[in-house]
Structures are given as structure tokens and as C-alpha cells.
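A.B. asks: Kindly return the folded structure for what I paste below:
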Amino acid sequence: MASVFVSHSSLDQAATEMVQEQLRAAGFAALFVDFDPDQGIPAGRNWERELYTQLRRTDAVVFLASSASVSSRWCFAEVTLARSLGRPVFPLRLEPGVDLPLLGDAQWVDLGDNRRGFTRLLAGLHAAGLDPADSFTWNPSRSPYPGLVPFAAQDAAVFFGRHQETHRLIDLLQPTLQRGPGRLVAIVGPSGSGKSSLLHAGLLPRLARLPAHWLVVPPLRPGRHPTANLASSLGRAFLALGEPRAASDVTAALDRGSAGLTSLAGELADLGAHDARRPSVLVVIDQAEELLTRTGVQEQRSFLRLLAGALHEDSPVWAVATVRSEFLSTAPDRAGLAEVVDDPLVIEPLSRARLAEVIARPAQRAGLQFAPGLVEQMVEDTAGGDALPLLGYTLHELHQRAGGAGEITQADYEAVGGVVGALQRRADRLVDELDRRDLGHLVLPTLKQLASVSGDDQPTRRRARRRSFTPEEELVVDAFVTASLLVSDHDPADPRGDAIVEVAHEALLRQWPPLREAIETDRAVLRVRSELERLAADWVQGRRDDSYLLRGGRLALVEHWAERRPGVLDPLEQEFLDASRSVARRELEAARRSNRRLRGLAAGLAVLLIIAVLAGAAALLANREAQAQTRLALARQLAGEADHLVDTRPDVAVLAGLQSLSLARGQAPEPSAGLMTALGRLTHASQLLAGHTDELYSVAAGPGLLATAGADRRVRLWEVASGQPRGNPLAGHEGAVYAV
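C.D. replies: Model (predicted):
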């Protein structure tokens with residue numbers, strides 16, 4: 001990020017103000033002039049120390065050469081320090097003939113011809129790699145290293161290492177013939193590659209400088225209800241333009257589908273128009289994988305149809321999204337997201353040179369220094385899938401330890417645990433501190449509530465409302481928030497403004513061994529909760545239709561899970577579970593009424609049986625053969641009746657079929673097809689075997705054992721007598737197992 005220091009004499013204030021105005025007009029926002037009321041030296045600060053601190057933070061020095069400045073010991077010291085720090089110095093001659101021998105090797109620019117001289121100065125700054133498009137102001141009260149949380153727009157001045165990707169994104173957001181007609185650009189990469197930082201601190205601050213071309217809707221995360229969250233973001237965009245819209249009006253427009261979204265975007269474009277030019281409206285979706293991990297299937301499809309339908313050449317709508325690469329595939333359960341992406345930008349790992357820039361350049365901006373060789377060691381220590389977030393957290397801890405100024409030493413680096421150990425060591429210390437308050441046993445159960453799992457994928461973050469935690473769990477949350485391992489904020493899409501909590505980065509779920517092992521141990525249980533969230537969202541999207549509710553074994557499994565974890569369900573999940581129980585009770589009562597009717601029918605059949613037996617006895621006295629034929633005829637009649645009733649009254653079909661067999665004793669009877677079919681339909685499992693996490697495809701029985709297999713790519717063995725699993729599941733299959 002380009003930052004320029006203007007060295008001048010106080011006697012040349014008028015000329016300095018003119019140069020300052022021209023540099024700002026050219027786009028250099030990070031500009032230090034000592035008397036500037038906003039970015040200069042605050043009252044009460046040590047003047048000399050502040051000047052030297054600012055010189056260390058800057059990328060280049062513009063020296064305004066006059067007879068006063070070349071004889072000033074202050075200006076001489078500033079230029080000398082800049083040269084010793086390796087900063088390029090651009091001498092700008094205000095008066096003819098002035099010179100400074102120290103800058104004899106520099107290319108001087110005469111400001112006699114104001115316009116031509118300033119053009120040459122800008123050319124020199126560009127040649128030195130100082131692009132005004134990359135010049136952003138920075139608030140020194142902020143840490144230059146945000147830690148595990150992504151860089152934000154306010155951190156654009158200290159966001160380094162992704163210059164090429166930032167400008168590639170800007171290129172992709174252009175309607176060119178070479179680019180094609182697509183309008184959804186995806187920033188794709190594995191967890192920890194810096195996708196959200198690239199979006200928030202790289203792309204969006206630059207688009208904000210192009211108001212005639214882009215109107216950026218406040219970013220959203222899909223969560224459970226992406227359409228509602230989009231409505232909230234659009235509402236905030238209208239509010240920012242001074243034209244608030246009722247939330248109900250925005251929601252009603254989106255209920256009309258893509259046409260409604262296009263219409264709302266058109267209104268925003270009209271409000272943001274500059275000189276009759278309507279800007280494009282950019283919908284920003286961060287962590288789009290939540291459409292697959294948190295959103296119900298029905299609402300996911302509805303949202304993607306809504307968005308895709310608005311991304312056409314007659315619409316002002318464009319979209320950019322970040323998405324984890326493993327969720328952007330053509331697999332049947334994930335194809336919907338891949339289908340709407342037009343231009344993916346794949347984030348590659350940072351090279352060693354760019355890692356060094358990520359470490360050293362923010363420190364320079366903050367006035368910090370690293371001990372010789374330490375940056376190189378940190379680059380060497382940064383390796384693996386979660387390297388970038390672990391490095392970010394290590395730098396955050398080092399900045400806090402250094403107190404925001406001075407030098408970061410080798411001893412500091414070793415004290416925090418290095419790149420690999422900083423996060424682990426901090427989390428372990430927190431557990432020790434909480435143990436002393438009798439809260440250590442709550443750490444893992446509390447943090448597991450912030451993890452979500454899907455199949456065999458790596459765990460993903462899960463948002464939880466603060467009010468879902470017990471008072472003791474909240475103390476655990478507060479400790480981890482203070483340590484920057486969790487973040488707590490208010491959900492902008494929630495009209496009640498409830499506080500939410502989530503992990504600062506998913507690296508915590510994978511890189512702290514105690515939590516990683518606890519998640520792996522409870523993977524099946526966590527998947528039940530994740531599935532419950534999506535099913536509840538589908539139920540809402542389906543207008544709370546009973547067909548979306550849980551039944552049978554699935555309901556029993558979720559009830560068992562919820563009973564062991566009181567208070568873990570949020571209001572929607574609790575409502576969904578209560579509705580499932582209510583429907584199950586109604587269906588059970590209906591089954592009991594049917595059983596009572598069945599017993600009445602059975603009594604009637606018993607009377608018929610008595611009559612048949614008496615008639616048969618009388619016939620036996622007359623003729624044994626006639627009696628046998630009569631019973632056989634009646635058996636055939638009842639068997640036919642069982643076949644007839646199997647589809648409408650399978651319960652009566654069972655009774656008729658059994659009576660048929662009874663009457664035909666001694667005649668080698670065969671059970672009727674109706675009896676066998678009805679028995680199959682009315683038979684229930686005597687024991688629930690819970691363990692598979694997806695559909696069951698095959699069952700095989702052996703002496704005392706049962707083998708099951710299915711879509712979760714595992715084969716499980718069960719003890720028939722106890723219903724308990726035998727050993728660990730047989731894993732390693734590359735796909736679903738269809739037969740055992």
C-alpha cells in the first residue's frame with residue numbers, strides 16, 4: 001500500500017500545501033505532512049520521535065528542495081534516515097539552483113513548470129511501484145495484524161501479498177467480449193488461504209473508489225436463511241443512500257423472484273447514479289459454502305435461482321463470492337453452487353517473497369521492526385494448509401507483546417510459541433486459567449457448539465447466539481473472545497440484534513489438538529445437529545408443511561440426542577422438533593384407533609369362525625369329505641379376500657390370510673400373496689441400530705452378527721443379541737457401499 005512522506009521546511013508551507021493537494025488529487029491517500037490536521041503530528045507528541053516513526057512507516061519520501069530546506073538540519077536528518085532505511089527519495093526543486101549533495105545520485109524534478117514537473121514526479125512514483133490506487137489511510141490504533149479474523153476494509157493499508165489477485169478480480173468484474181456474459185465471480189481456495197481478506201481488504205476498498213461504476217451492497221453470509229440475509233443487506237444499502245425501505249417491502253420484492261431482485265437493484269443504481277451514469281450493483285457473498293453446510297436444500301435452491309436469474313446483461317446485478325474449494329464441485333449434493341459460478345479465481349499459496357511481504361510490510365506501516373533474520377525464520381516456519389491463519393495469529397500475538405512499537409525479537413517469537421505453537425499455547429493457557437476458576441471442564445463442550453460437520457469433510461464454523469449458552473459457558477466464551485480465538489458481534493440480519501458467537505477462524509477447530517479430537521469423537525453427533533439445522537430451514541421454506549417433519553427412527557435419534565443436551569437447540573430447531581413430536585403423537589393415536597377397529601373386526605371374524613366350525617361339524621356327521629371341501633373352499637375365499645384387501649386394509653388382510661391357513665390345515669396350505677405382502681407392510685423394527693450417518697443400502701445376517709452398509713462409505717458390524725456395534729466401522733471405501 002503506497003504511503004508517501006513529504007519532507008519540507010516550515011518556511012515553504014504554501015508550496016507544501018500545493019504539493020499535498022496535487023498528490024491527494026492523484027489518489028495518494030496515505031500522505032504524511034507534519035502540519036496536516038488529520039494525518040500530521042498530534043498535539044503533545046514528541047516531534048522528533050514522531051517524525052522518525054513516520055519515516056519508518058512510509059514507502060517513499062518527496063523532498064521539497066528550497067534554500068530553506070537544504071539548510072535545515074531537520075530536513076537533512078529526514079533525508080538521511082530515509083536513505084538509510086532504503087526508502088526512495090524524490091527531490092522536487094521549488095527554487096532554481098538549489099541542491100543537496102546527499103541526493104546527487106537522485107533524479108531531480110523542477111517544479112517551475114507546475115504541471116509538467118508534477119507529471120514527472122507521478123511518473124517517478126509509479127516507476128518505483130507506488131500506485132495511488134493502492135494508497136489507503138490507516139488508523140494506528142488498530143493492530144496491523146488482525147489475527148485469525150479476516151482483514152477488513154479499514155485494514156486495506158496493511159493488507160499485503162495479494163496485489164496481483166486484487167487486480168485480477170477487478171479485471172474479472174468487467175463486461176468484455178473475451179470475458180463472456182457471466183456475472184458471478186468466485187474467489188476459490190481452501191480454508192485459511194485468505195479469501196475473505198482478499199475480498200474485504202483487497203477488492204472492496206478499491207471498488208469503493210469507483211462510485212460511478214460500482215454500488216457495493218453490504219456483504220452478507222448465507223447462514224440458514226440466505227434470502228432473508230440478502231433482504232437485510234439490500235435494506236442497509238438503501239439506508240446508506242438516504243432512502244430507507246421498509247424491510248417488508250424488500251422481502252416482498254424478493255418473494256417475486258429474480259424480477260424483484262433486478263427491480264431493487266435498478267432502484268439502487270438510480271439512487272447511486274453519477275452524471276446520468278448508473279453504476280452496476282454488486283452483491284457480495286462471503287463464505288458461500290454456508291449454502292451447503294447451513295442452509296436447507298429447498299432454500300438453497302430457491303436462493304441460487306433468485307440470484308442466477310438476476311445475473312443477465314439487462315440487469316445491473318453482479319455478484320462476487322468467496323467459497324472453500326472443496327465445496328465447489330459437481331457432486332450431486334453440491335452441483336447447485338458450482339453451476340452459477342462463471343469466473344472462479346483460484347487462490348494459490350503465497351510464495352516465500354510474498355510471505356515476507358505479509359510479515360514485514362504491516363510492521364513497517366506500524367513503525368515496528370523485526371530482529372535480523374526473524375522474518376526469514378517465520379517464512380521458513382510457515383508451511384501447511386493452515387499456515388496463513390496460524391502466521392496471522394502469531395503476528396497478532398507478537399504485536400501485542402511488543403506494545404505496538406519497537407523491535408520484535410527472537411525471544412518474543414519463542415515466547416509465543418512460534419508459527420506452529422502460538423495458537424495451541426494460547427488455547428492451553430486459557431484452559432489452565434479457566435481450570436483455576438472451575439470452568440476448564442466446560443471448554444470443549446462449549447467450543448463444540450461452534451463447529452459443524454458434513455460427511456467426512458473438515459469441520460466448518462457455526463454461529464451460535466449468545467443467549468443459547470449457560471452463564472458458566474458464557475464465561476468460557478468471554479475468555480476466548482478476549483484471546484481473539486472467538487469473535488462476538490451482532491447479526492445485522494437479525495431484527496432483534498441478538499449477539500452471535502463464532503470461531504475467529506476454522507483453524508482453531510483443526511489445529512488445537514484437544515478440540516480437534518473432541519470434534520472427531522463426536523462427529524456423528526455433530527452431524528445430527530447440522531442436519532437438524534438444515535431440516536428446520538427446509539421446513540420453514542416449505543411453509544411448515546408436515547411432510548418436512550421428522551418421523552420414525554430419525555425422530556427417535558434426534559430426540560435421544562436433544563434429551564442428552566438440554567438447552568442446545570435454538571428456538572427454530574426446538575419448534576421443528578416439537579412439531580415433529582406433535583405429528584408423531586397424532587399418527588400414533590390414529591394407529592391406536594385403527595388397532596381398536598381391528599380388534600372389533602377380529603371379534604366379528606371369530607363369530608364367523610365359530611359358525612364355520614359348527615357348520616363343519618354338522619357336515620362331518622353327514623360326510624367327512626364334504627366337510628373337508630367346505631373348509632377348503634372357505635379358506636380359498638378368505639385367501640382371496642386377503643389378496644383383495646392388501647392395498648386398502650392390510651390389517652384385515654393379515655387376519656383373513658391367517659384364518660385361511662387355519663381352515664386349510666391338513667391340506668398342505670400355502671400362505672396367500674396378500675398375507676405375505678400385508679405382513680411386510682405392518683412389520684416394525686424391534687430395535688433401532690443408530691450409527692450410520694446417511695442412507696442404508698445393504699444388510700446381511702450371520703450367526704449372532706448383522707452387517708450393514710450404505711452411503712456413508714462405511715460397513716458396520718452389530719451384535720444381534722444386544723444391538724451394540726462390534727468394533728470400529730470398516731472405513732476406507734471410496735464411495736457408497738451397495739452390498740455386503
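
A.B. asks: Residue 588 - how many residues pack around it?
C.D. replies: As a burial measure, residue 588 scores 10 neighbours (other CB atoms under 10 Å). C-betas here are computed from N, CA, C, even on glycine.

A.B. asks: scratch that, residue 447
C.D. replies: 24.

A.B. asks: quick one: it and residue 515 touch, right?
C.D. replies: Yes: contact status for residue 447 versus residue 515: in contact at 5.5 Å, counting by CB atoms under 8 Å.

A.B. asks: how far away is the residue sitting nearest the centre point of the chain from residue 531?
C.D. replies: For the chain, the residue sitting closest to the mean C-alpha position, by CA atoms, centre = their mean, is residue 287 at 3.8 Å. Noted for residue 287: a distance of 19 Å to residue 531, by CB to CB, to the nearest Å.

A.B. asks: ok, which stretches of the stretch 251-400 of the chain are strands?
C.D. replies: Along the stretch 251-400 of the chain, counting by DSSP state E, counting those that start in this stretch, strands occupy 280-285, 317-324, 343-346, 368-370.

A.B. asks: Relative to residue 703, which of the ones you listed is closest?
C.D. replies: Closest approach to residue 703 among the strands of the stretch 251-400 of the chain is made by strand 317-324 (46.5 Å; CB to CB).

A.B. asks: Scan the helices and strands of the protein for the one with the lowest mean pLDDT.
C.D. replies: Least confident helix or strand, the chain: helix 673-682 with a mean of 64, by mean pLDDT, DSSP states H and E.

A.B. asks: Which SSE is immediately downstream of that one?
C.D. replies: strand 696-702 (DSSP states H and E).

A.B. asks: Could you save the strands of the stretch 251-400 of the chain as TSV and add columns showing distance to residue 33?
C.D. replies: Shown next, in TSV, are the strands of the stretch 251-400 of the chain (distance: least, CB to CB, whole Å):
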stretch	distance to residue 33
strand 280-285	34
strand 317-324	36
strand 343-346	37
strand 368-370	23
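
A.B. asks: in the stretch 151-300 of the chain, which ranges drop under the pLDDT threshold?
C.D. replies: The model of the stretch 151-300 of the chain has pLDDT under 70 over residues 175-181.

A.B. asks: mind listing the helices for it?
C.D. replies: 163-172, 195-197, 204-207, 226-240, 247-255, 258-271, 290-293, 297-310 (DSSP state H, counting those that start in this stretch).

A.B. asks: and those helices, which is most packed in?
C.D. replies: helix 290-293 (a mean of 24; mean count of other CB atoms under 10 Å).

A.B. asks: Could you list every helix and strand that it packs against?
C.D. replies: Judged by 3 or more CB pairs under 8 Å, 6 or more residues apart in numbering; DSSP states H and E, the packing partners of helix 290-293 are helix 297-310, helix 335-340.

A.B. asks: Recalculate using a threshold of 10 Å.
C.D. replies: Applying 3 or more CB pairs under 10 Å, 6 or more residues apart in numbering; DSSP states H and E, one finds that helix 290-293 makes contact with helix 226-240, helix 297-310, strand 317-324, helix 335-340, strand 460-461, helix 523-541.

A.B. asks: how far does it sit from the chain's center?
C.D. replies: Helix 290-293 has its C-alpha centroid displaced from the chain centroid by 7 Å (CA atoms, centre = their mean, to the nearest Å).

A.B. asks: could you dump stretch 309-318 to PDB, C-alpha only?
C.D. replies: Written as PDB, here are the backbone C-alpha positions of stretch 309-318 (Å, rounded to 0.1, in the frame of the first residue of the first chain):
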ATOM      1  CA  GLY A 309     -31.900 -15.300 -12.700                       C
ATOM      2  CA  ALA A 310     -30.900 -11.700 -11.900                       C
ATOM      3  CA  LEU A 311     -27.400 -12.000 -13.400                       C
ATOM      4  CA  HIS A 312     -28.100 -11.100 -17.000                       C
ATOM      5  CA  GLU A 313     -27.000  -8.300 -19.400                       C
ATOM      6  CA  ASP A 314     -30.200  -6.300 -19.000                       C
ATOM      7  CA  SER A 315     -29.800  -6.200 -15.200                       C
ATOM      8  CA  PRO A 316     -27.500  -4.100 -13.100                       C
ATOM      9  CA  VAL A 317     -26.800  -7.000 -10.800                       C
ATOM     10  CA  TRP A 318     -23.300  -8.600 -10.500                       C
END
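
A.B. asks: List of residues touching it?
C.D. replies: Contacts of stretch 309-318 with the rest of the structure, by CB atoms under 10 Å, 6 or more residues apart in numbering, involve 172-173, 175, 181-185, 214-217, 257-270, 272, 278-284, 307, 319, 340, 342.

A.B. asks: out of the strands of the stretch 251-400 of the chain, nearest to residue 550?
C.D. replies: Here strand 317-324 is closest among these (CB to CB), at 28.9 Å.

A.B. asks: hmm, back to that, would you turn the helices of the stretch 151-300 of the chain into TSV with distance to residue 440?
C.D. replies: Converted to TSV, the helices of the stretch 151-300 of the chain look like this (distance: least, CB to CB, whole Å):
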stretch	distance to residue 440
helix 163-172	42
helix 195-197	32
helix 204-207	41
helix 226-240	36
helix 247-255	43
helix 258-271	49
helix 290-293	29
helix 297-310	39
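
A.B. asks: Done for today, thanks.
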